[in-house]
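[1] no sequence on hand, only this structure:
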């Protein structure tokens with residue numbers, strides 16, 4: 001291997017580390033008070049890399065052009081509706097971020113993970129010592145181990161922190177199974193940091209990472225990770241109040257009662273909010289083929305809910321009803337449902353790459369890994385994701401790159 005090739009590889013790994021760092025800081029309020037999700041560093045880094053002439057022509061570049069054309073059409077037909085301009089432009093921004101970052105989405109080096117773990121352990125120690133008050137004034141609603149909640153780390157709340165920690169832990173786990181890394185201790189530390197967010201989403205991500213590891217590992221590794229999963233699950237169920245007060249009662253009601261959707265929604269307002277807003281947005285959008293909505297989602301919500309027998313939700317639901325009465329603009333809690341509401345069936349191409357990656361995993365007969373991919377599609381595209389958070393796409397890109405490097409390997 002010549003010197004120039006080694007230098008090129010080193011430069012590539014450095015850029016991968018920088019992109020991993022930028023993703024880790026996606027919820028960090030670089031511009032306080034502007035937005036909870038700020039991919040500013042990611043956008044700047046992607047722009048700088050673009051100036052070097054390195055750009056990958058892939059499905060996301062095609063999707064960017066495709067949705068840009070639809071964006072212009074919907075603006076023209078809606079007389080430049082301000083909500084459409086603001087919300088659909090977020091879709092274009094996140095697709096641009098993916099296009100810019102695509103060549104540099106990789107596994108990085110162990111130096112990044114050492115720095116990541118050290119920084120988060122420091123924050124955890126400060127949280128346990130009650131020395132994070134200064135972070136509350138900077139993040140706005142920062143939480144650290146108060147009221148049964150976990151540590152927010154480099155985000156404004158624990159569930160946001162769980163998202164970027166999950167991505168870093170997933171990338172490391174894939175790199176571990178590819179032979180790039182060899183430290184199980186480092187993986188365990190990442191998983192413990194993920195669990196310390198004390199969020200239901202964090203625990204779900206924890207289980208999914210272990211499932212990936214079990215699917216890819218040898219038998220003795222599967223046993224070890226299985227034991228770790230049981231211990232982690234037991235710890236989470238014991239320490240997190242929402243499991244006993246919300247999750248278990250909801251699951252019991254869903255599987256053991258004859259209650260309808262409306263009764264479940266009103267009985268479990270916190271757990272049902274995302275399902276209601278996302279579900280009605282998708283159901284309404286899929287009725288449109290080649291035409292766009294005439295009014296905003298918030299304006300159409302009373303009619304949509306009524307059409308599906310959920311009219312009382314707008315006034316009796318503890319979360320949705322309270323927000324609606326307060327004049328808050330309600331919208332779907334994930335990007336994809338809003339895109340479906342706007343573009344109808346024309347929004348389906350946004351799922352092409354995640355589904356393609358999932359079926360490539362299935363083609364390698366990694367059945368548990370395939371189920372993980374389906375779960376990630378549900379979480380990021382149908383349940384919860386910040387509109388301008390590219391992690392919802394990055395997870396499938398890194399899985400695709402992992403598969404590409406391991407094809408033919410037994």
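    Structure received. Given the structure is predicted, the values throughout are model-derived calculations rather than measurements. Residues are numbered from 1 along each chain as shown.
[2] what's the pLDDT at residue 21?
    For residue 21, the pLDDT comes out at 95.
[3] for it, pull up the helix or strand it's in.
    helix 3-24 (DSSP states H and E).
[4] now for the protein, the helix or strand with the poorest mean pLDDT.
    Using mean pLDDT, DSSP states H and E, the weakest-scoring helix or strand in the chain turns out to be helix 248-256, at a mean of 51.
[5] tell me the helix or strand right after that one.
    Sequence-wise, the next helix or strand downstream of helix 248-256 (DSSP H and E) is helix 261-267.
[6] confirm residue 322 sits in a strand?
    No. Judged by DSSP: H, G, I helix; E, B strand; the rest coil, residue 322 forms no part of a strand; its state is helix.
[7] quick one: end-to-end distance for stretch 335-349.
    14 Å (C-alpha to C-alpha, to the nearest Å).
[8] and for it, what's in contact with it?
    With contact meaning C-beta atoms under 8 Å, 6 or more residues apart in numbering, stretch 335-349 is reached by 63, 66-67, 70, 74, 84, 87-88, 90-91, 94, 277-279, 281-282, 284-293, 297, 331-332, 350-351, 380-382, 385-387, 392. Quick note: C-beta positions are derived from backbone N, CA and C, even for glycine.
[9] for the stretch 151-300 of the chain, which segments count as helices?
    Secondary structure of the stretch 151-300 of the chain by DSSP state H, counting those that start in this stretch: the helices cover 158-178, 184-195, 200-216, 219-239, 241-242, 248-256, 261-267, 269-285, 297-307.
[10] with mean neighbour count and distance to residue 126 added, can I get the ones you listed in a markdown table?
    Formatted as a markdown table, the helices of the stretch 151-300 of the chain follow (neighbours: other C-beta atoms under 10 Å; distance: least, C-beta to C-beta, whole Å):
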| stretch | mean neighbour count | distance to residue 126 |
| --- | --- | --- |
| helix 158-178 | 24 | 14 |
| helix 184-195 | 19 | 14 |
| helix 200-216 | 22 | 19 |
| helix 219-239 | 14 | 20 |
| helix 241-242 | 14 | 23 |
| helix 248-256 | 12 | 33 |
| helix 261-267 | 17 | 39 |
| helix 269-285 | 20 | 29 |
| helix 297-307 | 17 | 40 |
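[11] lowest average confidence across those, which one?
    helix 248-256 (a mean of 51).
[12] not counting sequence-adjacent ones, nearest residue to residue 368?
    Excluding the flanking residues, the one nearest residue 368 by C-beta to C-beta, 6 or more residues apart in numbering is residue 215, at 3.9 Å.
[13] hang on, isn't that neighbour packed against residue 365?
    No. Applying C-beta atoms under 8 Å as the test, residue 215 and residue 365 come out as separate, 9.9 Å apart.
[14] domain-wise, how is the chain divided?
    108-257, 258-410 (automatic domain parsing).
[15] need these in CSV (columns: distance to residue 19).
    Converted to CSV, the domains of the chain look like this (distance: least, C-beta to C-beta, whole Å):
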stretch, distance to residue 19
domain 108-257, 8
domain 258-410, 9
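[16] still on that earlier bit, need the helices of the stretch 151-300 of the chain in JSON lines (columns: distance to residue 130).
    Listed next are these as JSON lines, based on distance: least, C-beta to C-beta, whole Å:
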{"stretch": "helix 158-178", "distance to residue 130": "17"}
{"stretch": "helix 184-195", "distance to residue 130": "19"}
{"stretch": "helix 200-216", "distance to residue 130": "22"}
{"stretch": "helix 219-239", "distance to residue 130": "18"}
{"stretch": "helix 241-242", "distance to residue 130": "20"}
{"stretch": "helix 248-256", "distance to residue 130": "31"}
{"stretch": "helix 261-267", "distance to residue 130": "37"}
{"stretch": "helix 269-285", "distance to residue 130": "28"}
{"stretch": "helix 297-307", "distance to residue 130": "40"}
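[17] nearest to residue 374, out of the ones you listed?
    helix 200-216 (10.5 Å; C-beta to C-beta).
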